[in-house]
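Asker: have a look; sequence and predicted model below, questions after that.
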2 protein chains.
Amino acid sequence: MQILKFSDPGFDGAFRRIEQRAEDIPEGIEQTVKQIIADIRQRGDAALFELTARFDRLQLDAGSVEVSEAEIEAACAAVEPQAYADLKLAAERIAVYHRKQKQETWLSTDEDDLLVGQLVRPLDRVGIYVPGGKAAYPSSVLMNAVPAKVAGVGEVIMTVPMPDGVANPHVLTAARIAGVDRIFRVGGAQAVAALAYGTESVPRVDKITGPGNIYVATAKKLVFGQVDIDMIAGPSEILVINDGSGEAAHIAADLLSQAEHDELASAVLVTTCREMAAAVAAEVDRQLSELTREAIARSSIDNYGAIIVARDLDEAAAFSNRIAPEHLELAVADPFGLLPRIRHAGAIFMGHNTPEAAGDYLAGPNHTLPTGGTARFFSPLSLDDYVKKSSIVSFSRAGLERLGGAIERIATLEGLEAHAKSVSKRLEKKS
Amino acid sequence: MQILKFSDPGFDGAFRRIEQRAEDIPEGIEQTVKQIIADIRQRGDAALFELTARFDRLQLDAGSVEVSEAEIEAACAAVEPQAYADLKLAAERIAVYHRKQKQETWLSTDEDDLLVGQLVRPLDRVGIYVPGGKAAYPSSVLMNAVPAKVAGVGEVIMTVPMPDGVANPHVLTAARIAGVDRIFRVGGAQAVAALAYGTESVPRVDKITGPGNIYVATAKKLVFGQVDIDMIAGPSEILVINDGSGEAAHIAADLLSQAEHDELASAVLVTTCREMAAAVAAEVDRQLSELTREAIARSSIDNYGAIIVARDLDEAAAFSNRIAPEHLELAVADPFGLLPRIRHAGAIFMGHNTPEAAGDYLAGPNHTLPTGGTARFFSPLSLDDYVKKSSIVSFSRAGLERLGGAIERIATLEGLEAHAKSVSKRLEKKS
């Protein structure tokens, strides 16, 4: 694993390569996805079934596109009791955390002659995209469906592709535990389009959340506005800040837990301790060879991994703020002492007993986090994603008399005469 | 103004025309905007100044692109004291409302052996786009800049085009009142690109908010992801629900205050009272001829206006929920009695003393609202738009011992061995 210093002449260039590893959507993919969306809008189920036959080698019709109650029950029964209990524990912990994010409807009575307020209400219907195949993660189901249900969303619709008809029982079990209302065995851009526009079988939703490949991400970006979407996630990353305390083996394990995701994942350690830098590099090398996903992790570490020796924690924090990491571990003796200096990060893991993997499953916070520096302005997926707000304004006659003059005058200076008249016509009445 | 009933055979078709009046972005515009963005990214200020010379007939250089302190002061001095006071009153009222939206950082100590929490922090730097020319609205400046400052955004950058070098003193005054930090006299897609990527003169921001024409909206959509943006606004609309109470002249005035915005604006009344329908239609006709913006308002009313006679308020509320209006007036005798039946709306104006115009300027809530049915899932611009969140997870050794087994097992069933090892390596230590 390469060991760098911020003062190295080539540092900025080397780092820009890591920062810019997310690719722009190739023009060809965008065109393909546009055609799929247009096809679903035009032909509905017929297009959905054809595309599923082509991409997933699965023949569907209106009777089989939805996963049946019996199938879900069979999946739950097939899962080991321990796995069922673990997923249930995770769901409960995720629910407890997200309940704390709840915003309440409020109405202000600060003034005697008018009321203002804000209604907070759940979305009517949400679609959750769950990838199929090797990346079928029950934890993803929980992290999307549990907050939706906690928010009170009326109906949670899940889509999950089943290539060659093969279902993942853990995914179906997680959906049942989370309270997903309906499940459709479709995926790809065609599933996103079906959720956004509706087909004869798949109901139209108000928002689509959940991870997916480049086709899914492109489709989500293209249907944005027709429905809401969660953030567009790029490749995943971790930054570990270390002050020389703790165990090299633990830090190396955390870097590798990120690197095993995929070849584009990035794992970076910034430490103030030269010896720790060397020890972690050696540990990463040693532990790599123990992994079943060694090839993926090695590629990620070789291309997008780095160990940086910093002068002090200030320099480390400044670097972290510059890259605004998705996952940030403060693997230091006094993590809460360092916290105020951290301005941007998706999730922050405090101290040596908090591996990032804890946050992936059941600490409680969402594992859907802003990537690629977007933690500067995006937030973790949260309860807020599954509600919408409406403003309330209620003037009494006295309130309109008190403030009407200013409303009329501002409207007039903006050249919006009819705005002004909507007030003056009311006020002239009594005179 | 056309008077319809929900039971009319052509109703759905007629209404679909209104709902679908927002146009897709023409391919040509998207290509033009893509080129402008690429040009700004590549050549920075040089491209920005060339494009400004071409589109705004204004020669700029690094010394003149930013509006000077002296200019802003001169604008404030040139504005009438009453206008200054009105804008200040509006700014204060907007600030009071948005302060109530503040979400606090929290940390949960519910469990003895771990902490979870959520940091809420302002964005570092925000860009506010303000249109120039005839649609230069000081209220827009306030509705974007005041919430940003209330949120604690580090630096608020405003761009406003000044075609032929002409500045709008009310816009500059509103910027001063709201506390905008820097103002650049550029506009169009080139201003959006400059804010998103930065140039030698214009600093790169984290989020861009504010209204603009189709080029600005397209540019915002294209830079989304590089920075955050607020919603993509379509043409504006109002729905008034009436039960026969109130004055036809007031309802007509409110419909016209929407219609005067632009030809694509839509103003619709649903009333349970046939006589009110006829009276409002007559009033709209009469008041139209009094307006300086008559041509615009008449086109909007003719093309996208309608009066619908409903059987009862249930039918009216159901229709409102179907279209999810940007502005909804409950012009009824008991608006709070009707409120619970309203599921989707950007802003709700309660009763006969609350014209929509009150919300445009100084009631307090934001006037940037979701349009075109997107109130089903989008919310008014709010303090939330100017902050971002980070999750916090902090396990003690005891916490990791209690929950580590479940973390390892879920990671294992997802095939993520390195995730499991990041826990097991920590736990094996003590044994």
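Answerer: Cool, got the structure.

Asker: got the CA coordinates for stretch A:327-339 in CSV?
Answerer: Written as CSV, here are the backbone C-alpha positions of stretch A:327-339 (Å, rounded to 0.1, in the frame of the first residue of the first chain):
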residue,chain,number,x,y,z
HIS,A,327,-17.2,7.0,6.0
LEU,A,328,-14.8,8.6,8.5
GLU,A,329,-13.2,6.7,11.3
LEU,A,330,-11.7,8.7,14.1
ALA,A,331,-9.3,5.9,15.3
VAL,A,332,-7.7,8.2,17.9
ALA,A,333,-7.4,8.2,21.6
ASP,A,334,-9.9,11.1,22.0
PRO,A,335,-12.3,11.0,19.2
PHE,A,336,-14.8,13.5,20.7
GLY,A,337,-12.0,15.9,21.1
LEU,A,338,-11.3,15.7,17.4
LEU,A,339,-15.0,15.8,16.3
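
Asker: how about that stretch: buried residues?
Answerer: A:327-332, A:335, A:338-339 (16 or more other Cβ atoms under 10 Å in any protein chain shown). C-beta coordinates here come from the backbone N, C-alpha and C atoms, glycine included.

Asker: near chain B, from the residues you listed?
Answerer: Residues of those in contact with chain B (Cβ under 8 Å from any Cβ of the partner chain): A:335, A:339.

Asker: how about the buried residues of stretch A:327-339 in TSV, adding pLDDT and secondary structure?
Answerer: Rendered in TSV, the data for the buried residues of stretch A:327-339 read as follows (pLDDT from 0 to 100; DSSP: H, G, I helix; E, B strand; the rest coil):
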residue	pLDDT	secondary structure
A:H327	98	strand
A:L328	98	strand
A:E329	98	strand
A:L330	98	strand
A:A331	98	strand
A:V332	98	coil
A:P335	98	helix
A:L338	98	helix
A:L339	97	helix
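
Asker: what's the domain layout of chain A?
Answerer: Listed domain ranges for chain A are A:3-22+A:234-364, A:27-100+A:123-229, A:396-428 (source: automatic domain parsing).

Asker: what is the end-to-end distance of the second one?
Answerer: Domain A:27-100+A:123-229 has an end-to-end distance of 21 Å (criterion: Cα to Cα, to the nearest Å).

Asker: run the contact check for it versus chain B.
Answerer: Yes - shown here: domain A:27-100+A:123-229 in contact with chain B (Cβ under 8 Å from any Cβ) through A:82-83, A:86-87, A:89-90, A:96-97, A:100, A:123-124, A:134, A:137-139, A:170, A:206-207, A:225, A:227-228.

Asker: ok, of those, which come out buried?
Answerer: Buried subset of those (neighbour count, 16+ other Cβ under 10 Å): A:83, A:86-87, A:89-90, A:96-97, A:123-124, A:137-139, A:170, A:206-207, A:225, A:227-228.

Asker: just those: which are in strands?
Answerer: Taking DSSP state E, the ones among those that sit in strands are A:207, A:228.

Asker: what about the buried ones among the residues of domain A:27-100+A:123-229 next to chain B, which are in helices?
Answerer: Cross-referencing these with the helices (criterion: DSSP state H) gives A:83, A:86-87, A:89-90, A:96-97, A:138-139, A:170 as the overlap.

Asker: what stretches of the stretch 151-300 of chain A score poorly on pLDDT?
Answerer: By pLDDT under 70, the stretch 151-300 of chain A has no low-scoring segment.

Asker: and the helices in it?
Answerer: A:169-178, A:188-197, A:214-223, A:248-259, A:274-288, A:294-304 (DSSP state H, counting those that start in this stretch).

Asker: any idea how far the longest one is from the middle of the chain?
Answerer: Relative to its chain's centre, helix A:274-288 lies at 31 Å (Cα atoms, centre = their mean, to the nearest Å).

Asker: cool, and the second one?
Answerer: Distance of helix A:188-197 from its chain centroid, counting by Cα atoms, centre = their mean, is 18 Å.

Asker: mind giving me the packing neighbours of that helix?
Answerer: Helices and strands in packing contact with helix A:188-197 are listed as helix A:27-43, helix A:45-56, strand A:125-129, strand A:155-159, strand A:207-209, helix A:214-223; criterion 3 or more Cβ pairs under 8 Å, 6 or more residues apart in numbering or on different chains; DSSP states H and E.

Asker: who touches that helix?
Answerer: Identification of contacts with helix A:188-197 by Cβ atoms under 8 Å, 6 or more residues apart in numbering or on different chains yields A:32-33, A:36-37, A:39-41, A:47-48, A:51-52, A:55-56, A:127, A:129, A:157, A:159, A:161, A:184, A:186, A:201-202, A:204-205, A:208, A:212-213, A:215-216, A:218-220, A:223, A:226-227.

Asker: let's see that with 7 Å instead.
Answerer: Contacts to helix A:188-197, defined as Cβ atoms under 7 Å, 6 or more residues apart in numbering or on different chains, come from residues A:33, A:36-37, A:40-41, A:48, A:51-52, A:55, A:127, A:129, A:157, A:159, A:161, A:186, A:202, A:204-205, A:208, A:215-216, A:218-220, A:223, A:226-227.

Asker: for the stretch 301-431 of chain A, just list every one of the helices.
Answerer: Counting by DSSP H, counting those that start in this stretch, the stretch 301-431 of chain A has these helices, from start to end: A:313-323, A:335-338, A:356-361, A:397-413, A:417-428.

Asker: pLDDT score assigned to A:E27?
Answerer: The model reports A:E27 with a pLDDT of 79.

Asker: what's the neighbour count on it?
Answerer: The number of residues packed around A:E27, counting by other Cβ atoms under 10 Å in any protein chain shown, is 8.

Asker: likewise A:A191?
Answerer: When neighbours are defined as other Cβ under 10 Å, A:A191 has 31 of them.

Asker: now do it against chain B, distance only.
Answerer: Spatial separation of A:A191 from chain B under the definition Cβ to the nearest Cβ, to the nearest Å is 18 Å.

Asker: hang on, the earlier thing: ChimeraX command to pick out the buried ones of the contacts of helix A:188-197?
Answerer: Applied in ChimeraX, the following selects the buried portion of these according to 16+ other Cβ under 10 Å:
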select /A:33,36,37,40,41,48,51,52,55,127,129,157,159,161,186,202,205,208,215,216,218,219,220,223,226,227
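
Asker: before we move on, back to that, mind putting the helices and strands packed on helix A:188-197 into JSON lines with distance to A:L269?
Answerer: Putting the helices and strands packed on helix A:188-197 into JSON lines (distance: least, Cβ to Cβ, whole Å) gives the following:
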{"stretch": "helix A:27-43", "distance to A:L269": "34"}
{"stretch": "helix A:45-56", "distance to A:L269": "40"}
{"stretch": "strand A:125-129", "distance to A:L269": "33"}
{"stretch": "strand A:155-159", "distance to A:L269": "37"}
{"stretch": "strand A:207-209", "distance to A:L269": "31"}
{"stretch": "helix A:214-223", "distance to A:L269": "29"}
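
Asker: ok, which of these comes nearest A:A74?
Answerer: Ranking the helices and strands packed on helix A:188-197 by proximity to A:A74 (Cβ to Cβ) places strand A:155-159 first, at 16.9 Å.

Asker: what residue ranges in the stretch 301-431 of chain A score low on pLDDT?
Answerer: Low-confidence regions of the stretch 301-431 of chain A, defined here as pLDDT under 70, cover residues A:429-431.

Asker: could you rerun that using 90?
Answerer: Counting by pLDDT under 90, the stretch 301-431 of chain A contains low-confidence residues at A:428-431.

Asker: A:R182 reaches A:V65, doesn't it?
Answerer: No - A:R182 lies out of contact with A:V65 (Cβ atoms under 7 Å); the separation is 10.4 Å.

Asker: higher neighbour count, those two?
Answerer: Looking at A:R182 and A:V65 with other Cβ under 10 Å, you find the greater number of neighbours at A:V65, namely 22 against 17.
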